[in-house]
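Student: can't give you the sequence, but here's the structure:
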């Protein structure tokens, strides 16, 4: 049966409209991913990245509800950057979120949007605000939690030299947090597990159209010899549009 040109255009437009509407609906959905990386520490980490909190209640509250349900199951919370962005109306919109994540030892690194919005939110002011909740920076430094050593890289501006310089400040660690997954290609030693975000899983069709990683990283587990990276799709986005690439919060057992 042949379909006429008018019918084809009508069907195409209906399908495109449906996908577009779904693209706005999908950000409401957040998946909890559970990952085991056998490092022998017997600890569970709640890894949350790319929250892009804007004070939009039906989006933010859903994420906070999920985090509240997970917080008792984990030992440590690590935030992977882009906690806010240039569209965030004020730091106070993060109050509820920080109240929950800091129920456990919680640490953060900066992402690109923290740096891009520092004219609005100076980084030193943000650090003081976080410290009021007990959220501590691991930008270019490392901390011990019992026998587990965790370090973090500040935003590297897609600069491999900067990535290596930052990593040298951190030193040898068990877990290295970097907002961008490209650090996995720039820094090839000094850690066992890297946690990253930034790509949002490509945000559309699981990276089928493209990703903002120079090395084509999209999401999930990547291995290079004994090194492992887990790349999260992120718990939010600057513009709330996704397509078959749902938001993600990750519980990682190490």
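Tutor: That came through fine. This is a predicted model, so every value here is computed, not measured. Numbers count the residues shown, from 1 in each chain.

Student: please identify the buried residues of the host helix or strand of residue 31?
Tutor: Using DSSP states H and E, residue 31 falls within strand 30-36. Across strand 30-36, burial judged by 16 or more other C-beta atoms under 10 Å covers 30, 35. Glycine gets a C-beta too; all of them are placed from N, C-alpha and C.

Student: need the contact list for residue 56.
Tutor: residue 240 (C-beta atoms under 8 Å, 6 or more residues apart in numbering).

Student: make 784 the first number, not 1, from now on.
Tutor: Okay, using 784 as the starting number, the last item reads as residue 839.

Student: quick one: it from residue 870, how far?
Tutor: Counting by C-beta to C-beta, to the nearest Å, the separation of residue 839 from residue 870 is 10 Å.

Student: then residue 856?
Tutor: For residue 856, the distance to residue 870 (C-beta to C-beta) stands at 31 Å.

Student: which one's more surrounded, those two?
Tutor: Between residue 856 and residue 870, counting by other C-beta atoms under 10 Å, residue 870 is the more crowded of the two (15 against 11).

Student: what's around residue 858, how many residues?
Tutor: By other C-beta under 10 Å, 17 other residues sit near residue 858.

Student: so who does the residue nearest to it when sequence neighbours are not counted touch?
Tutor: With sequence-adjacent residues excluded and distances taken as C-beta to C-beta, 6 or more residues apart in numbering, residue 858 is closest to residue 826, at 4.5 Å. With contacts defined as C-beta under 8 Å, 6+ apart, residue 826 is in contact with 858, 859, 928, 929, 931, 1036, 1037.

Student: just the buried ones out of those, please.
Tutor: By neighbour count, with 16+ other C-beta under 10 Å, these hold 858, 859, 928, 931, 1036, 1037 as buried.

Student: could I get the residues you listed in JSON lines, plus columns for distance to residue 958, pLDDT and secondary structure?
Tutor: Putting the buried ones among the contacts of residue 826 into JSON lines (distance: C-beta to C-beta, whole Å; pLDDT from 0 to 100; DSSP: H, G, I helix; E, B strand; the rest coil) gives the following:
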{"residue": "858", "distance to residue 958": "12", "pLDDT": "98", "secondary structure": "coil"}
{"residue": "859", "distance to residue 958": "9", "pLDDT": "98", "secondary structure": "strand"}
{"residue": "928", "distance to residue 958": "10", "pLDDT": "96", "secondary structure": "strand"}
{"residue": "931", "distance to residue 958": "7", "pLDDT": "97", "secondary structure": "strand"}
{"residue": "1036", "distance to residue 958": "12", "pLDDT": "98", "secondary structure": "strand"}
{"residue": "1037", "distance to residue 958": "7", "pLDDT": "97", "secondary structure": "coil"}
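
Student: if we only consider these, which is nearest to residue 831?
Tutor: Among the buried ones among the contacts of residue 826, residue 859 lies closest to residue 831 (C-beta to C-beta), at 11.5 Å.

Student: that closest one reaches residue 888, doesn't it?
Tutor: Yes - applying C-beta atoms under 8 Å, one finds residue 859 in contact with residue 888, separated by 5.2 Å.

Student: what touches both of these two?
Tutor: Common contact partners of residue 859 and residue 888 (C-beta under 8 Å, 6+ apart): residue 928.

Student: so which other helices or strands are in contact with the strand holding residue 814?
Tutor: Packing contacts for strand 813-819, counted by 3 or more C-beta pairs under 8 Å, 6 or more residues apart in numbering; DSSP states H and E, involve helix 840-853, strand 1030-1036.

Student: do a quick rundown of the helices in the stretch 934-1037 of the chain.
Tutor: Taking DSSP state H, counting those that start in this stretch as the test, the helices found in the stretch 934-1037 of the chain are 943-953, 966-969.
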